[in-house]
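>>> coordinates for the following, if possible.
(6 chains, ligands or ions: 3)
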Amino acid sequence: MLKKLGLSAAAIMAALPALAQTATDATAPVVEAAAPVMDKGDVAWMMTSTALVLFMTIPGLALFYGGLVRSKNMLSILMQTTLIACMVMVIWVLYGYSVTFGGGTSPYWGGFGKLFLSGVTADSMSATFSAGYVIPEYVFIAFQMTFAAITPGLIIGAFAERVKFTAVLAFCALWVTFVYFPIAHMVWDASGLLFVMGAIDFAGGTVVHINAGIAALVGCLVIGKRVGYGKENMAPHSMVMTMIGASMLWFGWFGFNVGSNLEANGGATLAMINTFVATAAATLAWSLLEGIQRGKASMLGAASGMVAGLVAITPACGTVGPMGAIALGVIAVLGCYFFVTVVKNKFQYDDSLDVFGIHGVGGIIGAVLTGVFSAGSLGGVKGDDYSIGAQVWIQIEAVAITLVWSGVISFIIYKLIDMTIGLRVDADTERQGLDLASHGEAAYHG
Amino acid sequence: MLKKLGLSAAAIMAALPALAQTATDATAPVVEAAAPVMDKGDVAWMMTSTALVLFMTIPGLALFYGGLVRSKNMLSILMQTTLIACMVMVIWVLYGYSVTFGGGTSPYWGGFGKLFLSGVTADSMSATFSAGYVIPEYVFIAFQMTFAAITPGLIIGAFAERVKFTAVLAFCALWVTFVYFPIAHMVWDASGLLFVMGAIDFAGGTVVHINAGIAALVGCLVIGKRVGYGKENMAPHSMVMTMIGASMLWFGWFGFNVGSNLEANGGATLAMINTFVATAAATLAWSLLEGIQRGKASMLGAASGMVAGLVAITPACGTVGPMGAIALGVIAVLGCYFFVTVVKNKFQYDDSLDVFGIHGVGGIIGAVLTGVFSAGSLGGVKGDDYSIGAQVWIQIEAVAITLVWSGVISFIIYKLIDMTIGLRVDADTERQGLDLASHGEAAYHG
Amino acid sequence: MLKKLGLSAAAIMAALPALAQTATDATAPVVEAAAPVMDKGDVAWMMTSTALVLFMTIPGLALFYGGLVRSKNMLSILMQTTLIACMVMVIWVLYGYSVTFGGGTSPYWGGFGKLFLSGVTADSMSATFSAGYVIPEYVFIAFQMTFAAITPGLIIGAFAERVKFTAVLAFCALWVTFVYFPIAHMVWDASGLLFVMGAIDFAGGTVVHINAGIAALVGCLVIGKRVGYGKENMAPHSMVMTMIGASMLWFGWFGFNVGSNLEANGGATLAMINTFVATAAATLAWSLLEGIQRGKASMLGAASGMVAGLVAITPACGTVGPMGAIALGVIAVLGCYFFVTVVKNKFQYDDSLDVFGIHGVGGIIGAVLTGVFSAGSLGGVKGDDYSIGAQVWIQIEAVAITLVWSGVISFIIYKLIDMTIGLRVDADTERQGLDLASHGEAAYHG
Amino acid sequence: MIIAAIKPYKLDEVREALTAIGVQGMMVTEIKGFGMQSGHTEIYRGAEYAVNFVPKMRLEIVVTDALADAVVEAITKTARTGKIGDGKIFVLNVESALRVRTGDVDDDAL
Amino acid sequence: MIIAAIKPYKLDEVREALTAIGVQGMMVTEIKGFGMQSGHTEIYRGAEYAVNFVPKMRLEIVVTDALADAVVEAITKTARTGKIGDGKIFVLNVESALRVRTGDVDDDAL
Amino acid sequence: MIIAAIKPYKLDEVREALTAIGVQGMMVTEIKGFGMQSGHTEIYRGAEYAVNFVPKMRLEIVVTDALADAVVEAITKTARTGKIGDGKIFVLNVESALRVRTGDVDDDAL
Ligand SMILES: Nc1ncnc2c1ncn2[C@@H]1O[C@H](COP(=O)(O)OP(=O)(O)O)[C@@H](O)[C@H]1O
Ligand SMILES: Nc1ncnc2c1ncn2[C@@H]1O[C@H](COP(=O)(O)OP(=O)(O)O)[C@@H](O)[C@H]1O
Ligand SMILES: Nc1ncnc2c1ncn2[C@@H]1O[C@H](COP(=O)(O)OP(=O)(O)O)[C@@H](O)[C@H]1O
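Numbering: from 1, shown residues only, chains lettered A, B, ... in the order given. Ligands and ions are numbered 1, 2, ... in the order given. Modelled structure (predicted):
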């Protein structure tokens, strides 16, 4: 049972009453109506995980990105990450949770059954992947809320240092509504399109990383390059902040990946060790490539490898083995490294912080390889009846659907915003820096 | 039972033997003498929470405050926060725990029964809010210790950049002894004055925030303004550190608020989601107000809103619903914003880092509104027999008692210190900065 | 049973099948073959602890050390810490775990039985210190992995600002293989030399701190002083980063020390409160010494005291009482303070970040005093049949063996690396700074 | 060109005084000053370092000859505290000046 | 000695133009400029601070008399945007110059 | 006024040498030097940036004419390593000097 359901991290989101309604669904866990158990160990772990995912976002992601921009734009990154997260949290409890996991059985959305979290109390329970085990619905809501809050924050790296603050907020409000919530429903809800297809996405490789990655690529193409791009030195203003941010991302990612198991059991510990070794191997791999290619391994390279590894192992961490995780991390880095150093330079677009190059490319490689390394013969947990070819095909379909859905709708939203609010600040403001212009303050004073 | 006891976060502090003694107290949980259960899930969560509250203090609070001062005073903030916390921890195990939760049945203090933690072993247990469930007394002691350690650290923001280091330490030693420990006993001990009155303070709005806030206000009035206040540019030296600190406060606050539930159960998850959404809404609200008022939303504003929201939800997080939490966060920000931008400027006192404006005002609003939004009709957990009016009155009384007790005794302690050690450095030292003068080093070197 | 096994933090590392094989070993817990229990509360805590130890390393240790060097060498510290950790993690799952805890019964190593983690699955369990309780083997592997990853990172502080990057990596790969893994086996494996002797090392005072400390001392002697040492001002470039790092070390150390209990129970909470108060007392003590000696307490002093306290309580935290912990913290600081301010200056060697002075000296004092304060008469958990004298003697033997083993083999490895790769960069590179020379980037840009 | 080293916290006051007498521009640099005012000592774990430099602000102002004396006087008045370390003023001759935006030269450029 | 205050983002362009006409060295300082270009306002929780200074780059170039006019021209051309705050150029007389490495003096030192 | 650009790590040595010959004050600025000593290259994810500037320390010392040659010599001696990038020394004429604290002028002010 566990194995069958292990496909998807948070598939069963319904509170118990809802579950009763969907009990005819073959993929739903058979809950013994008499005695579903809430184990406090699971609750403790899920609360820890939820807090960790917030920590990933702020200060983690904020610093990782913030260190990479010039000091005059530092606060704009911190503010965007912070306010996007806060805004999406409020949206989540107003209607986001409902349209994603509200109990509706459409393949595309969850309906309006739980607007304003109506009906949820401290006694409401959500199912886990183990029959008979439940966790409080509030912690499931909060855990998923942090996922929704970090994802649009990833996108902003692509058009950093030139975007209008209000435009970013408006974009993100629309984006979570029309892109993130539907895709999360499709992948993680038992009635969702990709869930039913059988796509494996343990902790959100498609929902979070590919989704944000493609939206980022579209965004930087629509917005255009930074003034002075390619001519002026746009070196990161604080590699220290970037390193701190990357380390915090790794730390917080244990909440992200391992929390997606919904329980503190053996399967969770597998997800944890995979998240360790894939990331470690990826970091080493990027540094090694740099060492070979130019004789020096940079901190930015190591941080990039770290994030690429984390992204790539995300969909896979529940079903591959540690050796598969290492291989997956290394392969993902090969792809990302090639992409950001060669492909991107060739096409000369300005994905300022390489959101697509790391999250998009790393996410795609991870999603596809999940199909490969989940096989028992390659150290994964899938048994004899598992076909690598068939699964890889499903994975590719899931990736393609995500790329198209997110790419097209994101494009429409960008254009809409550009025609109304305007996406970009003027050149003088860009020169002065967004901190003073948009936020009226400076990041640092003597 | 849970609901009745849910009023106060840490009400039942006694080890089991102590509990047996107070079993005649009607509000004490009825522990089945035969088989009190220590659930390892609770232990795991309480240990996590305890570590999180330390993290809130250092580096969290230290950076939040430190970023707001000029760079020449950065280390003085870091040192004060660090050494106060360390000093209070040692005091706590020597006599603080005993006088707060030592088992004495006075409404004002806990007696000397547990000086030096005498009698406590790894097998001693403390009751929780659920009958029959216990947690190791050591983790209860440690958890409460972190509360005592952070509270005086909040005060120092009011007289930052001009206070004498030894004076701060001496003040805090006296302050925890004569202000914090008694008030903690009054609010959280089953025999405490405010506990018996029925005040709701889930995680310490009165004990921590109002208490520290009023002591801060008195402090900055006694010490006087900084040299150059209102004339020189005293802009925060690193808004980045302030943002990191604020984010860490949020992260750590899950330990603070949710840990106050003492168990990892459904009630804990309610406290968690409330801590999320109240804070998110408050951050948005402050930024929106700034956006409306001056066209730009600042990072300092967002960070201020964040902390104001966290402060306000602290007493309420266990008994209000998520929608009530959002409302509460927004209302608290309206009050704090008005206070720090209008009232404070009008009276021209120098509460340098707005300790009273955020912790005091936010705490008071939160305490009062807890009485409102706990009502079932407004999404809270209180049932039909709950009277908003009656509870609000109790809340106001609790606030008033705290303001008077803390205000008066703090004033006496300040005067005492000023007459002996002297509270303030001389003007030249202040100009040079406290880092070099009091600590003999500089925060940053080329 | 618990008490008897309480001697060593992670003594029982074998998966259950392995345990069955060693059931004849008198010190192994008697597991009721029928029903070993995996408590999810333990799993939750062990996963939290594991993540915390990563956090100690990056960003914790990296920032603590990084803040202490000049800004031109900041990234070199961040890179070394990061890449060493990643490299050792990969080594750990390839062969490190096997040679340490692989089930072999030699006193010196664990054999090749678990190369590449062969045979381990999500269902494999490891014993804890309580009969009948198990935790998933993956989390035991991951937890121990983080210990292996941080230890060599401690060493680099001794020769910061002048070492060749590739030399450090090569050194560490050899060092973990020939020094760390064997010593970890000796101390923590039930068949290990020092474990059998009965040495108490709850969380790794010998394995981690003394071990790294002596290797550091040898290292800085072999490599020699920095150019300009004693003449130029080599003041820490960011005491702020150092303070953040130290605070993160404290926070993460709860994973390190308390996780070593392998369960979330009363014993764990004892380890936690000891880790709090010993550290608090040590921080105060260092600041007080400085205050007395030169009238000013510095942030570097407080941070040094903090780390010294953490190091000293590491072996002792499971068996001493809180008052003993305070005493131990203070005594350790007396030793470390004397060492780094007097002894080091006298001998004029350049242990740049005082690795030996803090980790080595603090570790030795902690190890020896563990023998003292574990006695019941001094507040510890050891009963009547405990002889302080006998235990102290065992502790001294364990320290001596570690010093000799690590000192000698480290020396050989240094010489080997120096003859091949070369340990040190040339003087011009050292002047320019390692960041540009070895990593091709600068930590900060206007 | 008038070059002055002053105490950092006097900057705003001096700037205001100069604006008051008609100075239209200046260049300000954060420098380390070395002079009679002694620096401080920093101790890092037993190692003592004397920091011989004191933070100062260096002003560079180009004005017409007519205004020069007034500038020197204004700085002297506002920057003086009477304590060691108040700073120095040096006057150098400028051969020509030019405003980049307009091409105005010499007195017109100031 | 030619001293110029320019907009920071023009630095690379100016440096290239100068190299092109044969300038071999210069000293660059980050300064706070004060002039007609107004600074900005920062507000911290209701307290408003006017920051009167604008970041500028200050160049110091010593060249032979023969080259001086070309240098001024090159800077003027590349640094000009036509907007307020483009900066100023001042020319001062240098009495002697020396290259530390070799001891070369005056024109040979440049 | 003697203006010198030197290698940063030579600062302490030069300061000591100058004190030894009787120099009582100076102004020190961290600058970016541009000259024959080439900078370095930094690469950020495939984008390569040439950093043309090298960190230098700029000293400004005003002394009596009598002392000027000794100052130049002292700097030259202590700052020289013989490698490219040792720096330059320029001498300019100062018209007047003034000590803010006391009002002392010219030679008395130094
Ligand atoms: N001979 C000098 N040349 C250049 N700058 C000087 C000289 N003497 C002093 N200064 C500058 O003036 C500042 C103040 O000088 P100092 O001797 O400390 O005190 P005072 O101004 O009271 O004489 C110094 O920090 C330095 O920046
Ligand atoms: N009288 C002056 N003396 C020295 N520097 C000046 C003077 N006037 C202007 N500057 C410098 O030139 C910069 C540009 O001057 P500003 O008046 O803002 O604009 P513009 O160059 O268009 O006239 C200032 O920021 C300042 O650094
Ligand atoms: N013409 C110049 N004008 C002003 N400063 C100069 C000039 N030439 C060189 N410098 C300064 O002197 C420093 C050293 O010069 P450089 O040409 O690199 O080496 P060297 O001193 O060996 O000739 C430069 O970094 C720059 O700061």
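
>>> which residue sits closest to residue A:123, ignoring its sequence neighbours?
Leaving out its chain neighbours, the residue that sits closest to residue A:123 by Cβ to Cβ, 6 or more residues apart in numbering or on different chains is residue B:266, at 5.6 Å. (Glycine included, C-beta is placed from N, CA and C.)

>>> tell me which helix or strand residue A:241 sits in.
Residue A:241 belongs to helix A:239-259 when assigned by DSSP states H and E.

>>> which positions in chain D make contact with chain E?
D:1, D:15, D:24-29, D:60, D:62, D:92-101, D:103, D:109-110 (Cβ under 8 Å from any Cβ of the partner chain).

>>> write the PyMOL selection for whichever of these are buried.
Here is the PyMOL command that selects the buried residues among these (16 or more other Cβ atoms under 10 Å in any protein chain shown):
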select buried, chain D and resi 1+15+25+26+27+28+29+60+62+92+94+97+98+99+100+101+109+110
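
>>> close to ligand 1: what parts of the stretch 301-446 of chain A are there?
Applying the criterion Cβ under 6 Å from any ligand atom, no portion of the stretch 301-446 of chain A neighbours ligand 1.

>>> residue of the stretch 301-446 of chain A with the smallest distance to ligand 3?
Residue of the stretch 301-446 of chain A nearest ligand 3, by Cβ to the nearest ligand atom: residue A:446 (23.2 Å).

>>> quick check: that residue touching residue B:237?
Yes - look at residue A:446 against residue B:237 with Cβ atoms under 8 Å: they come within range, at 7.4 Å.

>>> where do the contact lists of those two overlap?
residue B:71 (Cβ atoms under 8 Å, 6 or more residues apart in numbering or on different chains).

>>> can you pull out the strands in chain D?
D:2-6, D:26-34, D:40-44, D:47-51, D:54-61, D:88-92, D:94-99 (DSSP state E).

>>> including distance to ligand 2 and mean pLDDT, could those strands go into JSON lines?
As requested, the strands of chain D are arranged in JSON lines below (distance: least, Cβ to the nearest ligand atom, whole Å; pLDDT from 0 to 100):
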{"stretch": "strand D:2-6", "distance to ligand 2": "9", "mean pLDDT": "97"}
{"stretch": "strand D:26-34", "distance to ligand 2": "4", "mean pLDDT": "95"}
{"stretch": "strand D:40-44", "distance to ligand 2": "31", "mean pLDDT": "80"}
{"stretch": "strand D:47-51", "distance to ligand 2": "29", "mean pLDDT": "78"}
{"stretch": "strand D:54-61", "distance to ligand 2": "5", "mean pLDDT": "95"}
{"stretch": "strand D:88-92", "distance to ligand 2": "12", "mean pLDDT": "96"}
{"stretch": "strand D:94-99", "distance to ligand 2": "5", "mean pLDDT": "95"}
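
>>> which non-adjacent residue is nearest residue A:296?
residue C:440 (4.1 Å).

>>> if we can go back for a sec, pretty sure the residue nearest to residue A:123 contacts residue A:138?
Yes - using Cβ under 8 Å, residue B:266 is in contact with residue A:138, at 6.9 Å.

>>> in space, what's closest to the residue of the stretch 201-350 of chain A at minimum distance from ligand 1 - neighbours in sequence excluded?
Closest approach between the stretch 201-350 of chain A and ligand 1, counting by Cβ to the nearest ligand atom: residue A:237, at 29.3 Å. With Cβ to Cβ, 6+ apart as the criterion, residue A:237 has its nearest non-adjacent residue at 4.1 Å, and that residue is residue A:71.

>>> for chain D, see how far away the one you found is.
Here the distance between residue A:71 and chain D works out to 16 Å (Cβ to the nearest Cβ, to the nearest Å).

>>> residues contacting that residue?
A:237, A:238, A:433, A:443, A:444, C:445, C:446.

>>> wait, what's in contact with residue A:397?
Neighbouring residues of residue A:397 by Cβ under 8 Å, 6+ apart: A:197, A:199.

>>> can I take it that it is in a strand?
No - Residue A:397 is assigned helix when assessed by DSSP: H, G, I helix; E, B strand; the rest coil, not a strand.

>>> show the pLDDT at it.
In this model, residue A:397 is scored at 97, pLDDT.

>>> and it, how far from ligand 1?
Look at residue A:397 and ligand 1: by Cβ to the nearest ligand atom, to the nearest Å, they are 71 Å apart.

>>> now swap in residue A:79 and tell me
39 Å.

>>> residue contacts, the closest residue to that residue other than its chain neighbours?
Of all residues not flanking residue A:79 in the chain, residue B:299 sits nearest, at 5.4 Å (Cβ to Cβ, 6+ apart). By Cβ under 8 Å, 6+ apart, the contact set of residue B:299 is A:75, A:78, A:79, A:82, A:439, A:441, B:239, B:242, B:243.

>>> surely residue A:317 is in contact with residue A:269?
No - judged on Cβ under 8 Å, residue A:317 makes no contact with residue A:269 at a distance of 10.9 Å.

>>> of these two, who's got more company?
Neighbours were counted for residue A:317 and for residue A:269 using other Cβ atoms under 10 Å in any protein chain shown; residue A:317 has more, 34 against 27.
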